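Colleague: What follows is a protein structure lacking sequence information:
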(Lines give C-alpha, C1' and ligand atoms only; values in the text may rest on other atoms or scores of the structure.)
Protein backbone atom coordinates (compact mmCIF):
# COMPACT_ATOMS: atom_id res chain seq x y z
CA UNK A 1 0.00 0.00 0.00
CA UNK A 2 2.41 2.69 -1.22
CA UNK A 3 2.42 6.35 -2.19
CA UNK A 4 1.57 7.77 -5.62
CA UNK A 5 5.06 7.57 -7.09
CA UNK A 6 5.12 3.82 -6.53
CA UNK A 7 2.06 3.39 -8.74
CA UNK A 8 3.86 5.09 -11.61
CA UNK A 9 7.16 3.19 -11.63
CA UNK A 10 7.72 2.13 -15.23
CA UNK A 11 10.01 2.21 -18.22
CA UNK A 12 11.64 5.51 -17.23
CA UNK A 13 12.90 4.11 -13.92
CA UNK A 14 14.03 0.87 -15.58
CA UNK A 15 16.01 2.81 -18.19
CA UNK A 16 17.86 4.86 -15.58
CA UNK A 17 18.66 1.81 -13.43
CA UNK A 18 19.84 -0.27 -16.37
CA UNK A 19 22.20 2.52 -17.41
CA UNK A 20 23.79 2.41 -13.96
CA UNK A 21 24.12 -1.38 -14.04
CA UNK A 22 25.64 -1.29 -17.52
CA UNK A 23 28.18 1.31 -16.38
CA UNK A 24 29.33 -0.73 -13.41
CA UNK A 25 29.50 2.44 -11.26
CA UNK A 26 27.19 1.96 -8.26
CA UNK A 27 28.98 4.48 -6.00
CA UNK A 28 27.81 8.10 -6.11
CA UNK A 29 31.34 9.35 -6.80
CA UNK A 30 33.28 9.17 -10.03
CA UNK A 31 35.00 11.24 -12.67
CA UNK A 32 32.43 13.63 -14.13
CA UNK A 33 34.43 13.58 -17.39
CA UNK A 34 34.25 9.78 -17.65
CA UNK A 35 31.53 8.89 -20.23
CA UNK A 36 30.99 5.54 -18.48
CA UNK A 37 30.06 7.25 -15.21
CA UNK A 38 26.32 8.00 -15.41
CA UNK A 39 26.40 10.31 -12.32
CA UNK A 40 22.70 9.83 -11.44
CA UNK A 41 22.99 11.19 -7.89
CA UNK A 42 24.84 14.29 -9.09
CA UNK A 43 22.17 14.93 -11.75
CA UNK A 44 19.40 14.36 -9.21
CA UNK A 45 20.90 17.01 -6.93
CA UNK A 46 21.26 19.51 -9.75
CA UNK A 47 17.73 18.97 -11.07
CA UNK A 48 16.13 18.98 -7.62
CA UNK A 49 17.82 22.28 -6.70
CA UNK A 50 16.43 23.84 -9.88
CA UNK A 51 13.00 22.36 -9.27
CA UNK A 52 12.71 23.56 -5.67
CA UNK A 53 14.34 26.90 -6.39
CA UNK A 54 17.27 26.72 -4.00
CA UNK A 55 20.92 27.18 -4.94
CA UNK A 56 21.91 23.78 -3.53
CA UNK A 57 20.53 20.29 -3.00
CA UNK A 58 21.99 17.15 -1.50
CA UNK A 59 20.87 13.53 -1.88
CA UNK A 60 20.83 11.34 1.24
CA UNK A 61 20.01 7.76 2.19
CA UNK A 62 16.76 8.69 3.98
CA UNK A 63 14.47 11.53 4.97
CA UNK A 64 15.58 11.08 8.57
CA UNK A 65 19.19 11.50 7.46
CA UNK A 66 18.19 14.60 5.50
CA UNK A 67 16.68 16.18 8.64
CA UNK A 68 19.77 15.35 10.71
CA UNK A 69 22.00 16.93 8.07
CA UNK A 70 19.86 20.08 8.21
CA UNK A 71 19.93 20.33 11.99
CA UNK A 72 23.70 19.94 12.13
CA UNK A 73 24.42 22.12 9.10
CA UNK A 74 22.75 25.20 10.61
CA UNK A 75 24.93 24.86 13.71
CA UNK A 76 22.51 23.64 16.37
CA UNK A 77 24.18 22.32 19.52
CA UNK A 78 23.11 19.85 22.25
CA UNK A 79 20.59 21.49 24.54
CA UNK A 80 19.22 23.84 21.90
CA UNK A 81 15.43 23.80 21.63
CA UNK A 82 13.63 23.17 18.36
CA UNK A 83 9.87 23.74 18.20
CA UNK A 84 8.05 20.95 16.35
CA UNK A 85 4.37 19.95 15.93
CA UNK A 86 2.63 17.38 18.11
CA UNK A 87 1.43 15.63 14.95
CA UNK A 88 4.22 14.44 12.66
CA UNK A 89 6.21 11.33 11.82
CA UNK A 90 8.53 10.06 14.55
CA UNK A 91 11.64 11.07 12.57
CA UNK A 92 10.94 14.76 13.26
CA UNK A 93 11.50 14.01 16.94
CA UNK A 94 14.17 11.31 16.67
CA UNK A 95 16.40 13.39 14.38
CA UNK A 96 16.50 16.10 17.05
CA UNK A 97 16.81 13.75 20.00
CA UNK A 98 19.72 11.81 18.52
CA UNK A 99 21.66 15.07 18.19
CA UNK A 100 21.03 16.06 21.80
CA UNK A 101 18.54 18.75 20.85
CA UNK A 102 15.34 19.37 22.78
CA UNK A 103 12.18 18.98 20.68
CA UNK A 104 9.52 21.30 22.10
CA UNK A 105 6.11 20.15 20.92
CA UNK A 106 3.44 22.67 19.90
CA UNK A 107 -0.26 22.22 19.20
CA UNK A 108 -1.65 21.86 15.69
CA UNK A 109 -4.65 23.70 14.25
CA UNK A 110 -7.39 22.56 11.87
CA UNK A 111 -4.89 22.38 9.01
CA UNK A 112 -3.25 19.51 10.94
CA UNK A 113 -0.06 21.59 10.71
CA UNK A 114 1.71 23.40 13.52
CA UNK A 115 -0.27 26.30 15.02
CA UNK A 116 1.86 29.46 14.72
CA UNK A 117 0.09 31.08 17.67
CA UNK A 118 1.03 28.17 19.92
CA UNK A 119 4.61 28.22 18.63
CA UNK A 120 5.16 31.76 19.89
CA UNK A 121 4.11 30.99 23.44
CA UNK A 122 6.61 28.10 23.59
CA UNK A 123 9.65 30.18 22.67
CA UNK A 124 12.25 30.41 25.45
CA UNK A 125 15.79 31.85 25.66
CA UNK A 126 17.03 28.36 24.62
CA UNK A 127 14.93 28.20 21.43
CA UNK A 128 17.11 28.24 18.32
CA UNK A 129 14.87 26.94 15.55
CA UNK A 130 11.36 26.12 14.37
CA UNK A 131 10.80 22.96 12.34
CA UNK A 132 7.38 23.29 10.66
CA UNK A 133 6.15 20.05 9.07
CA UNK A 134 4.12 20.26 5.86
CA UNK A 135 2.01 17.45 7.20
CA UNK A 136 0.23 15.14 4.76
CA UNK A 137 1.31 17.40 1.90
CA UNK A 138 -0.46 20.49 3.27
CA UNK A 139 1.83 23.56 3.38
CA UNK A 140 2.19 25.18 6.77
CA UNK A 141 1.24 28.80 7.34
CA UNK A 142 4.76 29.82 6.40
CA UNK A 143 3.94 33.53 6.35
CA UNK A 144 3.29 33.42 10.10
CA UNK A 145 6.14 31.00 10.85
CA UNK A 146 8.73 33.08 8.98
CA UNK A 147 7.51 36.33 10.53
CA UNK A 148 7.83 34.82 13.99
CA UNK A 149 11.29 33.48 13.20
CA UNK A 150 12.45 36.92 12.09
CA UNK A 151 10.95 38.50 15.19
CA UNK A 152 12.80 36.12 17.53
CA UNK A 153 15.92 35.55 15.40
CA UNK A 154 15.22 31.85 14.92
CA UNK A 155 16.23 29.41 12.19
CA UNK A 156 13.53 27.70 10.12
CA UNK A 157 14.04 24.15 8.91
CA UNK A 158 11.21 22.82 6.77
CA UNK A 159 10.30 19.18 7.29
CA UNK A 160 8.95 18.63 3.79
CA UNK A 161 9.34 14.86 3.90
CA UNK A 162 5.66 14.35 3.01
CA UNK A 163 5.38 17.29 0.65
CA UNK A 164 7.73 17.05 -2.32
CA UNK A 165 6.13 18.98 -5.17
CA UNK A 166 3.99 21.23 -3.00
CA UNK A 167 4.20 25.01 -2.87
CA UNK A 168 3.20 27.99 -0.73
CA UNK A 169 2.15 31.31 -2.28
CA UNK A 170 3.93 30.45 -5.52
CA UNK A 171 7.18 29.17 -3.99
CA UNK A 172 8.08 25.50 -3.81
CA UNK A 173 8.13 23.96 -0.35
CA UNK A 174 11.71 23.64 0.78
CA UNK A 175 12.69 27.05 -0.57
CA UNK A 176 11.14 29.16 2.20
CA UNK A 177 13.23 28.29 5.24
CA UNK A 178 16.97 28.14 5.85
CA UNK A 179 17.07 24.44 4.97
CA UNK A 180 14.63 21.64 4.22
CA UNK A 181 14.51 17.87 4.31
CA UNK A 182 12.54 15.59 1.98
CA UNK A 183 11.86 11.85 1.96
CA UNK A 184 11.82 9.39 -0.94
CA UNK A 185 10.30 6.60 1.12
CA UNK A 186 7.83 4.24 -0.54
CA UNK A 187 4.85 6.16 0.92
CA UNK A 188 5.92 9.58 -0.35
CA UNK A 189 4.89 11.69 -3.37
CA UNK A 190 7.87 10.46 -5.38
CA UNK A 191 9.87 7.46 -4.27
CA UNK A 192 13.04 5.47 -4.71
CA UNK A 193 11.97 2.93 -2.09
CA UNK A 194 13.95 4.96 0.42
CA UNK A 195 16.23 7.96 0.28
CA UNK A 196 16.09 11.65 1.02
CA UNK A 197 16.97 15.11 -0.24
CA UNK A 198 18.21 18.31 1.40
CA UNK A 199 17.56 21.81 0.07
CA UNK A 200 19.98 24.49 1.28
CA UNK A 201 19.67 28.26 1.00
CA UNK A 202 23.38 29.07 1.39
CA UNK A 203 26.71 27.62 0.34
CA UNK A 204 27.79 27.40 3.98
CA UNK A 205 24.79 25.26 4.94
CA UNK A 206 25.25 23.10 1.85
CA UNK A 207 28.94 22.44 2.54
CA UNK A 208 28.28 21.58 6.17
CA UNK A 209 25.39 19.27 5.23
CA UNK A 210 27.60 17.59 2.65
CA UNK A 211 30.30 17.04 5.26
CA UNK A 212 27.78 15.61 7.71
CA UNK A 213 26.43 13.21 5.09
CA UNK A 214 29.87 11.92 4.04
CA UNK A 215 32.43 11.71 6.82
CA UNK A 216 33.40 15.38 6.62
CA UNK A 217 34.24 15.50 2.91
CA UNK A 218 33.82 18.59 0.76
CA UNK A 219 31.29 18.64 -2.10
CA UNK A 220 31.79 17.52 -5.70
CA UNK A 221 34.90 15.45 -5.08
CA UNK A 222 35.79 12.73 -7.60
CA UNK A 223 36.82 9.29 -6.39
CA UNK A 224 37.91 8.74 -2.80
CA UNK A 225 39.59 11.78 -1.33
CA UNK A 226 42.20 11.33 1.37
CA UNK A 227 43.21 14.41 3.31
CA UNK A 228 42.01 16.94 5.85
CA UNK A 229 38.31 17.06 6.67
CA UNK A 230 36.35 20.16 7.65
CA UNK A 231 34.03 18.52 10.20
CA UNK A 232 33.25 15.15 11.74
CA UNK A 233 30.58 13.50 9.60
CA UNK A 234 28.53 10.34 9.25
CA UNK A 235 27.42 8.29 6.24
CA UNK A 236 24.08 9.24 4.71
CA UNK A 237 25.23 8.81 1.11
CA UNK A 238 22.83 7.79 -1.66
CA UNK A 239 23.84 5.08 -4.14
CA UNK A 240 23.65 5.49 -7.91
CA UNK A 241 20.86 2.91 -8.11
CA UNK A 242 18.68 4.87 -5.71
CA UNK A 243 19.59 8.07 -7.49
CA UNK A 244 18.57 6.57 -10.83
CA UNK A 245 15.05 5.75 -9.64
CA UNK A 246 14.70 9.10 -7.85
CA UNK A 247 15.82 10.98 -10.96
CA UNK A 248 13.15 9.32 -13.11
CA UNK A 249 10.52 10.01 -10.45
CA UNK A 250 11.52 13.67 -10.10
CA UNK A 251 10.92 14.13 -13.82
CA UNK A 252 7.33 12.89 -13.27
CA UNK A 253 6.58 14.93 -10.17
CA UNK A 254 4.52 17.71 -11.75
CA UNK A 255 2.35 15.19 -13.59
CA UNK A 256 1.91 13.20 -10.37
CA UNK A 257 0.88 16.30 -8.41
CA UNK A 258 -1.55 17.57 -11.06
CA UNK A 259 -3.17 14.13 -11.31
CA UNK A 260 -3.56 13.90 -7.53
CA UNK A 261 -5.17 17.32 -7.38
CA UNK A 262 -7.69 16.40 -10.05
CA UNK A 263 -8.60 13.09 -8.36
CA UNK A 264 -8.95 14.81 -5.00
CA UNK A 265 -11.12 17.56 -6.47
CA UNK A 266 -13.55 14.95 -7.79
CA UNK A 267 -13.70 13.04 -4.50
CA UNK A 268 -14.07 16.23 -2.49
CA UNK A 269 -16.97 17.47 -4.59
CA UNK A 270 -18.82 14.17 -4.14
CA UNK A 271 -18.61 14.21 -0.34
CA UNK A 272 -19.09 17.92 0.29
CA UNK A 273 -21.91 19.08 2.58
CA UNK A 274 -22.13 15.86 4.60
CA UNK A 275 -23.84 16.90 7.86
CA UNK A 276 -21.49 17.18 10.82
CA UNK A 277 -18.32 17.31 8.69
CA UNK A 278 -15.93 19.77 7.11
CA UNK A 279 -12.55 19.53 5.45
CA UNK A 280 -9.30 20.49 7.09
CA UNK A 281 -7.99 23.99 6.51
CA UNK A 282 -5.60 24.35 3.59
CA UNK A 283 -3.03 27.09 4.03
CA UNK A 284 -2.58 27.20 0.25
CA UNK A 285 -5.25 25.28 -1.63
CA UNK A 286 -3.40 25.66 -4.93
CA UNK A 287 -0.13 24.46 -3.44
CA UNK A 288 -1.02 21.35 -1.47
CA UNK A 289 0.16 17.97 -2.74
CA UNK A 290 -3.35 16.42 -2.55
CA UNK A 291 -2.06 13.05 -1.36
CA UNK A 292 -4.85 12.80 1.24
CA UNK A 293 -8.28 14.26 1.92
CA UNK A 294 -8.80 14.92 5.62
CA UNK A 295 -12.37 15.13 6.94
CA UNK A 296 -13.00 16.74 10.33
CA UNK A 297 -16.15 15.68 12.17
CA UNK A 298 -18.00 17.76 14.74
CA UNK A 299 -18.09 14.84 17.15
CA UNK A 300 -15.41 12.19 17.88
CA UNK A 301 -18.02 9.44 18.32
CA UNK A 302 -19.36 10.19 14.85
CA UNK A 303 -15.82 10.05 13.43
CA UNK A 304 -15.10 6.75 15.18
CA UNK A 305 -18.32 5.22 13.90
CA UNK A 306 -17.55 6.22 10.32
CA UNK A 307 -13.99 4.90 10.63
CA UNK A 308 -15.22 1.52 11.83
CA UNK A 309 -17.71 1.28 8.99
CA UNK A 310 -14.96 2.01 6.44
CA UNK A 311 -12.41 -0.35 7.96
CA UNK A 312 -10.05 2.44 8.92
CA UNK A 313 -9.21 4.51 12.02
CA UNK A 314 -9.54 8.04 13.25
CA UNK A 315 -6.22 9.82 13.04
CA UNK A 316 -5.63 9.76 16.80
CA UNK A 317 -5.68 5.95 16.66
CA UNK A 318 -3.21 5.74 13.76
CA UNK A 319 0.46 4.87 14.07
CA UNK A 320 3.73 6.74 14.53
CA UNK A 321 2.46 10.13 13.53
CA UNK A 322 0.63 10.91 16.78
CA UNK A 323 2.82 11.98 19.70
CA UNK A 324 0.70 10.05 22.22
CA UNK A 325 1.28 6.78 20.34
CA UNK A 326 5.07 6.98 20.53
CA UNK A 327 6.01 5.27 23.78
CA UNK A 328 9.74 5.45 22.99
CA UNK A 329 9.54 9.19 22.33
CA UNK A 330 7.47 9.59 25.51
CA UNK A 331 10.36 8.14 27.53
CA UNK A 332 12.83 10.54 25.91
CA UNK A 333 10.58 13.56 26.46
CA UNK A 334 10.11 12.57 30.10
CA UNK A 335 13.87 12.38 30.56
CA UNK A 336 14.37 15.93 29.25
CA UNK A 337 11.41 17.37 31.18
CA UNK A 338 9.06 18.00 28.25
CA UNK A 339 5.27 17.41 28.40
CA UNK A 340 4.41 13.98 27.04
CA UNK A 341 1.72 11.31 26.91
CA UNK A 342 -1.96 11.47 26.04
CA UNK A 343 -3.47 14.75 27.20
CA UNK A 344 -0.27 16.78 27.06
CA UNK A 345 -1.49 18.58 23.93
CA UNK A 346 -5.28 18.64 24.31
CA UNK A 347 -6.11 20.66 21.21
CA UNK A 348 -4.12 18.24 19.06
CA UNK A 349 -5.83 15.30 20.78
CA UNK A 350 -9.25 16.79 20.08
CA UNK A 351 -8.61 17.56 16.41
CA UNK A 352 -7.11 14.15 15.67
CA UNK A 353 -9.93 12.32 17.48
CA UNK A 354 -12.37 13.96 15.05
CA UNK A 355 -10.30 13.45 11.90
CA UNK A 356 -10.33 10.75 9.22
CA UNK A 357 -7.74 10.69 6.44
CA UNK A 358 -9.09 9.46 3.12
CA UNK A 359 -6.38 8.24 0.76
CA UNK A 360 -5.98 9.95 -2.60
CA UNK A 361 -2.41 9.06 -3.47
CA UNK A 362 -0.99 7.75 -0.19
CA UNK A 363 -2.61 4.53 0.99
CA UNK A 364 -1.18 4.02 4.47
CA UNK A 365 -2.94 2.58 7.55
CA UNK A 366 -0.14 4.17 9.58
CA UNK A 367 -1.64 7.53 8.66
CA UNK A 368 -5.16 6.29 9.26
CA UNK A 369 -5.60 6.27 5.48
CA UNK A 370 -6.68 2.71 4.82
CA UNK A 371 -9.78 3.80 2.88
CA UNK A 372 -10.16 6.00 -0.18
CA UNK A 373 -8.78 6.06 -3.70
CA UNK A 374 -5.41 5.93 -5.45
CA UNK A 375 -3.73 8.03 -8.13
CA UNK A 376 -4.94 5.45 -10.69
CA UNK A 377 -8.60 5.35 -9.57
CA UNK A 378 -11.21 5.78 -12.29
CA UNK A 379 -14.14 8.18 -12.04
CA UNK A 380 -16.36 5.18 -11.29
CA UNK A 381 -14.09 4.06 -8.44
CA UNK A 382 -14.02 7.59 -7.04
CA UNK A 383 -17.84 7.69 -7.13
CA UNK A 384 -18.03 4.31 -5.37
CA UNK A 385 -15.66 5.47 -2.61
CA UNK A 386 -17.72 8.64 -2.14
CA UNK A 387 -20.93 6.61 -1.95
CA UNK A 388 -19.45 4.33 0.72
CA UNK A 389 -18.25 7.32 2.70
CA UNK A 390 -21.66 9.01 2.63
CA UNK A 391 -23.37 5.77 3.63
CA UNK A 392 -20.97 5.32 6.54
CA UNK A 393 -21.62 8.88 7.71
CA UNK A 394 -25.40 8.40 7.58
CA UNK A 395 -25.17 5.09 9.39
CA UNK A 396 -22.95 6.52 12.10
CA UNK A 397 -25.35 9.42 12.64
CA UNK A 398 -28.29 7.02 13.08
CA UNK A 399 -26.32 4.84 15.51
CA UNK A 400 -25.08 7.90 17.35
CA UNK A 401 -28.61 9.19 17.90
CA UNK A 402 -29.69 5.85 19.34
CA UNK A 403 -26.63 5.72 21.58
CA UNK A 404 -27.14 9.31 22.72
CA UNK A 405 -30.80 8.62 23.46
CA UNK A 406 -29.93 5.63 25.62
CA UNK A 407 -27.33 7.64 27.53
CA UNK A 408 -29.82 10.45 28.08
CA UNK A 409 -32.40 8.02 29.53
CA UNK A 410 -29.75 6.50 31.81
CA UNK A 411 -28.78 9.95 33.09
CA UNK A 412 -32.44 10.86 33.69
CA UNK A 413 -33.01 7.60 35.59
CA UNK A 414 -29.91 8.17 37.72
CA UNK A 415 -31.03 11.69 38.58
CA UNK A 416 -34.49 10.42 39.56
CA UNK A 417 -32.97 7.79 41.87
CA UNK A 418 -30.69 10.35 43.50
CA UNK A 419 -33.60 12.72 44.21
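Modeller: Done, it's in. Please read all numbers here as calculations on a predicted model, not as lab measurements.

Colleague: contacts, neighbours, all on C-alpha from now
Modeller: Noted.

Colleague: list the contacts for residue 130?
Modeller: 82-84, 145, 149, 154-157 (CA atoms under 8 Å, 6 or more residues apart in numbering).

Colleague: before we move on, what about residue 364?
Modeller: 1-3, 187, 370.

Colleague: For residue 163, see how far away it is.
Modeller: From residue 364 across to residue 163, the span is 15 Å (CA to CA, to the nearest Å).

Colleague: What of residue 11?
Modeller: In this view, residue 11 and residue 163 are 25 Å apart by CA to CA.

Colleague: Between the two, which is the more surrounded one?
Modeller: Neighbours per residue (other CA atoms under 10 Å) separate residue 11 from residue 163, with residue 163 holding more: 29 against 10.

Colleague: how many other residues sit next to the closest residue to that one other than its chain neighbours?
Modeller: Of all residues not flanking residue 163 in the chain, residue 137 sits nearest, at 4.3 Å (CA to CA, 6 or more residues apart in numbering). For residue 137, the count of nearby residues is 26 (other CA under 10 Å).

Colleague: what's the average pLDDT for the helix or strand where residue 83 lies?
Modeller: Residue 83 is part of strand 81-85 when elements are defined by DSSP states H and E. Averaging pLDDT along strand 81-85 gives 98.

Colleague: circling back to that earlier point, buried only: go through the contacts of residue 364 for me.
Modeller: 2-3, 187, 370 (16 or more other CA atoms under 10 Å).

Colleague: Output those in JSON lines, with secondary structure, pLDDT and distance to residue 240 appended to each entry.
Modeller: Putting the buried ones among the contacts of residue 364 into JSON lines (DSSP: H, G, I helix; E, B strand; the rest coil; pLDDT from 0 to 100; distance: CA to CA, whole Å) gives the following:
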{"residue": "2", "secondary structure": "coil", "pLDDT": "88", "distance to residue 240": "22"}
{"residue": "3", "secondary structure": "coil", "pLDDT": "94", "distance to residue 240": "22"}
{"residue": "187", "secondary structure": "coil", "pLDDT": "95", "distance to residue 240": "21"}
{"residue": "370", "secondary structure": "coil", "pLDDT": "94", "distance to residue 240": "33"}
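
Colleague: export the residues you listed to CSV and tack on distance to residue 281?
Modeller: Formatted as CSV, these follow (distance: CA to CA, whole Å):
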residue, distance to residue 281
2, 25
3, 22
187, 23
370, 21
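
Colleague: could you pull out the strands for the stretch 101-250 of the chain?
Modeller: For the stretch 101-250 of the chain, strands defined by DSSP state E, counting those that start in this stretch occupy the ranges 102-106, 127-130, 155-159, 167-168, 171-172, 179-183, 196-200.

Colleague: nearest to residue 92, of those?
Modeller: Closest to residue 92 of the strands of the stretch 101-250 of the chain is strand 155-159 (CA to CA; 7.5 Å).

Colleague: what's the angle from the closest one to strand 81-85?
Modeller: Interaxial angle of strand 155-159 relative to strand 81-85 (axes from the mean of the first three to the mean of the last three CA atoms, to 10 degrees): 40 degrees.

Colleague: got the contact list for strand 155-159?
Modeller: Identification of contacts with strand 155-159 by CA under 8 Å, 6+ apart yields 67, 70-71, 74, 92, 128-134, 146, 149, 173-174, 176-182.

Colleague: what's the distance between that strand and the middle of its chain?
Modeller: 13 Å (CA atoms, centre = their mean, to the nearest Å).

Colleague: Repeat that for stretch 95-113.
Modeller: For stretch 95-113, the distance to the chain centre is 12 Å (CA atoms, centre = their mean).

Colleague: List the buried residues of it.
Modeller: Quick answer for stretch 95-113 (16+ other CA under 10 Å): 95-97, 99-113.

Colleague: end-to-end on it?
Modeller: Stretch 95-113 end-to-end distance (CA to CA) = 19 Å.

Colleague: just stretch 121-141 next, same as before
Modeller: Separation of the first and last residues of stretch 121-141 by CA to CA is 17 Å.

Colleague: Buried residues, that stretch. List them.
Modeller: Residues 123, 127-141 are the ones in stretch 121-141 that count as buried (16+ other CA under 10 Å).

Colleague: what residues go with each domain of the protein?
Modeller: Under the assignment automatic domain parsing, the domains of the chain span 4-253, 257-314+354-404.

Colleague: Which one, of those domains, ends up nearest to residue 324?
Modeller: When the domains of the chain are compared by CA to CA, domain 4-253 sits nearest residue 324, at 8.6 Å.

Colleague: any chance of the domains of the chain in CSV, plus distance to residue 345?
Modeller: Listed next are the domains of the chain as CSV, based on distance: least, CA to CA, whole Å:
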stretch, distance to residue 345
domain 4-253, 6
domain 257-314+354-404, 15
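
Colleague: follow-up on the earlier one: right, and out of the buried ones among the contacts of residue 364, which lies closest to residue 289?
Modeller: Nearest member of the buried ones among the contacts of residue 364 to residue 289, counting by CA to CA, is residue 3, at 11.8 Å.

Colleague: which stretches of the chain form helices?
Modeller: Secondary structure of the chain (DSSP state H): helices at 4-7, 11-23, 40-52, 63-73, 90-98, 116-121, 142-152, 203-213, 240-250, 253-270, 300-310, 327-335, 346-353, 379-418.

Colleague: Quick check: mean pLDDT of stretch 374-392?
Modeller: 98.

Colleague: Centre of the chain to that stretch, how far?
Modeller: Relative to the chain's own centre, stretch 374-392 is displaced by 25 Å; criterion: CA atoms, centre = their mean.

Colleague: Can you list the low-confidence ranges for the stretch 201-350 of the chain?
Modeller: Low-confidence segments of the stretch 201-350 of the chain (pLDDT under 70): 220-228.

Colleague: wait, doesn't residue 79 sit right on residue 102?
Modeller: Yes. Using CA atoms under 8 Å, residue 79 is in contact with residue 102, at 5.9 Å.

Colleague: give the contact list for the closest residue to residue 191 other than its chain neighbours.
Modeller: Nearest residue to residue 191, sequence neighbours excluded (CA to CA, 6+ apart): residue 184, at 4.3 Å. Contact analysis of residue 184 by CA under 8 Å, 6+ apart lists 62-63, 161, 190-197, 246.

Colleague: closest to residue 395 out of the strands of the stretch 101-250 of the chain?
Modeller: It is, among the strands of the stretch 101-250 of the chain and with distance given as CA to CA, strand 102-106, at 35.2 Å.
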